[in-house]
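> following is a predicted model, sequence given first.
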Amino acid sequence: MYKNPILNAGYSDPDVIRVGDKFYLVASSFDSVPGLPILESYDLVNWRLIGHALARQLPLDRYSVTQHGNGVWAPALRFHNGEFYLFYADPDFGVYMLRAKNAIGPWSQPLLVKSAKGWIDPCPFWDENGRAYMVSALAASRAGAKSSLILSRMKPDGTELLDSGAIVYDGHDEDTTIEGPKLYRRHGYYYIFAPAGGVTTGWQVALRSRNIFGPYEHRRVLQQGTTGINGPHQGAWVDTGTGEDWFLHFQDSGWLGRVVYLEPLKWVDDWPDIGDMSQGPIGQPVLTYKMPRAMHAHVTENPADSDEFNRSTFGLQWQWQADPEPTWGFPSQALGVLRLIDTPVSSQGHNLWDTPAVLLRKLPAPRLMATTKLKAILFSRGDRTGIVLMGRDYGALVLTKTDRGNVLRQLMCKSADVGTPERIAAEVPILQDDVYLRVTVDEGKVSFSYSVDGKEFRSVGQPFMAEPGKWTGAKMGVFASGVAVHGEFGYADFDWFRLTALP
């Protein structure tokens, strides 16, 4: 048996395919870099993070600064003619395509195949006759239109759209805000799976037609029903190769992010029945279900959690808040640390929300404790380094150099996304350069503690409730920043970053 959610972390807008006996999942990454996370599984339940398709986000001048909520929206992953194809939308620039021979990479540089504001959620499709298409949606915030699905003819190599597209489904009457389409073919029908009704309040729609341009028949196939799973949103249909079909989708869980669910799918009269069908003709999410019958033995996996910082590369769980500069930080296998440089903060940075050089990772569970050991070499008054729980509101535990020596401060920032400055909630003198910092998250309640010996931890500051970011859950991580603008900067060596489940 498995229990939903299968990925209890923010993997928004998941798309899934099977290639041979393996499954691959991609998700939105918005402005986090590296972007486009690629996960691999043998059974659709246990997943491991194997890489990212996007090393830097384009255009570079745009994403050298924080762009919360912008960037990579709703990617689609396909395997065609021996290659992986990845399509994603940047709502301000258009639709990009990347490809690779191996899901781990190397991936090609993003190619802009459709320059258009508000064209979102692209999904490529190669028909049996060799013709290629792309289905997509519209975002009213940029395009001035929404609730319609667009089908465009595409070059077979995926490098260019051949026309300006045609509406294949209008959801204004029954399926307002329809988006996130995924296009498939089965038993002579073209199917479009798409969510409608909004992220937190919506439902899943299945459309089918004998002609790819429609008209399409319509059926609502998954909704919240009697469960607590609000708005089962964007996802993908996948088969196991053993005669079973499954559907993956996300649920917006607020501060924890957009977590991923796995639903059984059965075809009845060439329509998909998804999830628990015991409450009527429309399915609802399952809480537990028997494991998929896969082509490969089950292997217990989990996306990367703790990091000992003993490698010569960054751990895959870490992402910057913008395209990184070469000197923000360095992993060191030789030293067994992650070194973050006290990067000067831009005068435009009001707080850590606006600071690009913050290294973050997703929250992988609703109850956990994260502890890091660091040694700070702070050269200038105002240099600081520490641990942060980031969202629209955030808190941080920060070692700072002052006129009085080093102090440990718990900082709070309410409504950081509108430029509110930080305030000091508590301050403790620290007579040494090395310290252990801890953040505890208990169903959204966040608190900080510290230790000078790694054994006895003392609470510091005030608890607060975690808040989501822009289209993401809260995240945790580390940073270092300074005030000097020339010469050698200070730095912080993080020995490890360890996650522990709360009892």
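Arrived safely, thanks for sending.
> so where's the stretch 201-350 of the chain shaky on pLDDT?
Low-confidence segments of the stretch 201-350 of the chain (pLDDT under 70): 347-349.
> now do the strands in the stretch 301-450 of the chain.
319-320, 329-332, 337-341, 343-344, 358-362, 367-377, 384-390, 394-402, 405-413, 423-429, 434-442, 445-451 (DSSP state E, counting those that start in this stretch).
> export those strands to CSV and tack on distance to I120?
Every C-beta, even on glycine, is put in place using the N, C-alpha and C of the backbone. Output for these, formatted as CSV (distance: least, Cβ to Cβ, whole Å):
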stretch, distance to I120
strand 319-320, 21
strand 329-332, 32
strand 337-341, 34
strand 343-344, 33
strand 358-362, 22
strand 367-377, 33
strand 384-390, 25
strand 394-402, 28
strand 405-413, 30
strand 423-429, 37
strand 434-442, 31
strand 445-451, 32
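> between the ones you listed, which has the poorest mean confidence score?
Of all those, mean pLDDT reaches its minimum on strand 343-344 (a mean of 92).
> could you list the domains of the chain?
According to automatic domain parsing, the chain comprises the domains 8-289, 319-501.
> let me have the ones you listed in CSV, extended by mean neighbour count.
Formatted as CSV, the domains of the chain follow (neighbours: other Cβ atoms under 10 Å):
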stretch, mean neighbour count
domain 8-289, 19
domain 319-501, 19
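> for A322, which non-adjacent residue is spatially closest?
P356 (3.5 Å; Cβ to Cβ, 6 or more residues apart in numbering).
> thought H68 was touching that neighbour, still the case?
No: judged on Cβ atoms under 8 Å, P356 makes no contact with H68 at a distance of 11.2 Å.
> just to revisit the earlier point, can I get the domains of the chain in JSON lines with distance to N302?
JSON lines is the format used below for the domains of the chain (distance: least, Cβ to Cβ, whole Å):
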{"stretch": "domain 8-289", "distance to N302": "7"}
{"stretch": "domain 319-501", "distance to N302": "7"}
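> give the contact list for the closest residue to W328 other than its chain neighbours.
With Cβ to Cβ, 6+ apart as the criterion, W328 has its nearest non-adjacent residue at 4.6 Å, and that residue is A357. Residues near A357 by Cβ atoms under 8 Å, 6 or more residues apart in numbering: W320, Q321, P324, E325, W328, G329, L340, T343, F479, A480, S481.
> so how far is D15 from A357?
30 Å (Cβ to Cβ, to the nearest Å).
> M97 against Q109, yeah?
No: in this structure M97 lies outside contact range of Q109 using Cβ under 8 Å: 10.1 Å.
> what bridges to V72?
F30 (DSSP bridges).
> ok, it to W328 distance?
20 Å.
> what does W320 give?
For W320, the distance to W328 - Cβ to Cβ - is 7 Å.
> same question, S380
S380 is 17 Å from W328, by Cβ to Cβ.
> now G454
27 Å.
> skipping adjacent residues, who's closest to V286 in space?
Excluding its sequence neighbours, the residue lying closest to V286 (Cβ to Cβ, 6+ apart) is D276, at 5.0 Å.
> who are the contact partners of that neighbour?
Shown in contact with D276 (Cβ under 8 Å, 6+ apart): G225, T227, G283, Q284, P285, V286.
> before we move on, the earlier item: show me what contacts the residue nearest to A322?
S64, V65, T66, W320, Q321, A322, D323, P324, E325.
> make JSON lines out of these and add distance to P303.
Listed next are those as JSON lines, based on distance: Cβ to Cβ, whole Å:
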{"residue": "S64", "distance to P303": "27"}
{"residue": "V65", "distance to P303": "28"}
{"residue": "T66", "distance to P303": "24"}
{"residue": "W320", "distance to P303": "18"}
{"residue": "Q321", "distance to P303": "20"}
{"residue": "A322", "distance to P303": "22"}
{"residue": "D323", "distance to P303": "23"}
{"residue": "P324", "distance to P303": "21"}
{"residue": "E325", "distance to P303": "26"}
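> biggest separation within those, which pair?
By the measure Cβ to Cβ, T66 and E325 form the most distant pair in the contacts of P356, at 13.4 Å.
> isn't there a strand covering P468?
No: assignment of P468 by DSSP: H, G, I helix; E, B strand; the rest coil gives coil, placing it outside any strand.
> and the pLDDT at it?
98.
> for the residue lying closest to it once chain neighbours are set aside, give me phi and psi.
Among residues not flanking P468 along the chain, W255 sits closest, at 5.1 Å (Cβ to Cβ, 6+ apart). Per-residue torsions, W255: phi -60, psi -20 (degrees, to the nearest 10).
> which residues touch W255?
With the criterion set at Cβ under 8 Å, 6+ apart, W255 makes contact with L363, G391, G444, M465, A466, E467, P468, G473, A474.
> at 6 Å instead, please
By Cβ atoms under 6 Å, 6 or more residues apart in numbering, the contact set of W255 is G444, A466, E467, P468, G473, A474.
> what separation do you get for it and Q321?
18 Å.
> next: F379.
24 Å.
> just G225 next, same as before
38 Å.
> can you map out the helices along the stretch 101-250 of the chain?
All helices of the stretch 101-250 of the chain, identified by DSSP state H, counting those that start in this stretch, fall at 140-143.
> please enumerate the strands of it.
Going by DSSP E, counting those that start in this stretch, the stretch 101-250 of the chain shows strands at 111-115, 119-126, 132-138, 148-154, 166-170, 182-186, 189-196, 203-209, 217-222, 235-239, 245-252.
> nearest approach to G20 belongs to which of the ones you listed?
It is, among the strands of the stretch 101-250 of the chain and with distance given as Cβ to Cβ, strand 235-239, at 12.5 Å.
> could you check the angle strand 217-222 makes with the closest one?
90 degrees (axes from the mean of the first three to the mean of the last three Cα atoms, to 10 degrees).
> just give the closest residue to K445, not the sequence neighbours.
Spatially, and ignoring its direct neighbours in sequence, K445 is nearest to P463 (5.6 Å; Cβ to Cβ, 6+ apart).
> any idea which helix or strand carries the one you found?
Element membership for P463, per DSSP states H and E: strand 458-465.
> contacts for that strand?
With Cβ under 6 Å, 6+ apart, strand 458-465 has contacts from G395, Q410, A425, A426, V428, G444, K445, V446, S447, F448, S449, Y450.
> mind listing what it pairs with, with the direction of each?
Applying DSSP bridges, one finds strand 458-465 paired with strand 445-451 (antiparallel).
> for K266, give the beta-bridge partners.
Applying DSSP bridges, one finds that K266 bridges with D273.
> would you confirm that it contacts G275?
No: counting by Cβ atoms under 6 Å, K266 does not reach G275; the two are 10.0 Å apart.
> who touches both of the two?
By Cβ under 6 Å, 6+ apart, no residue touches both K266 and G275.
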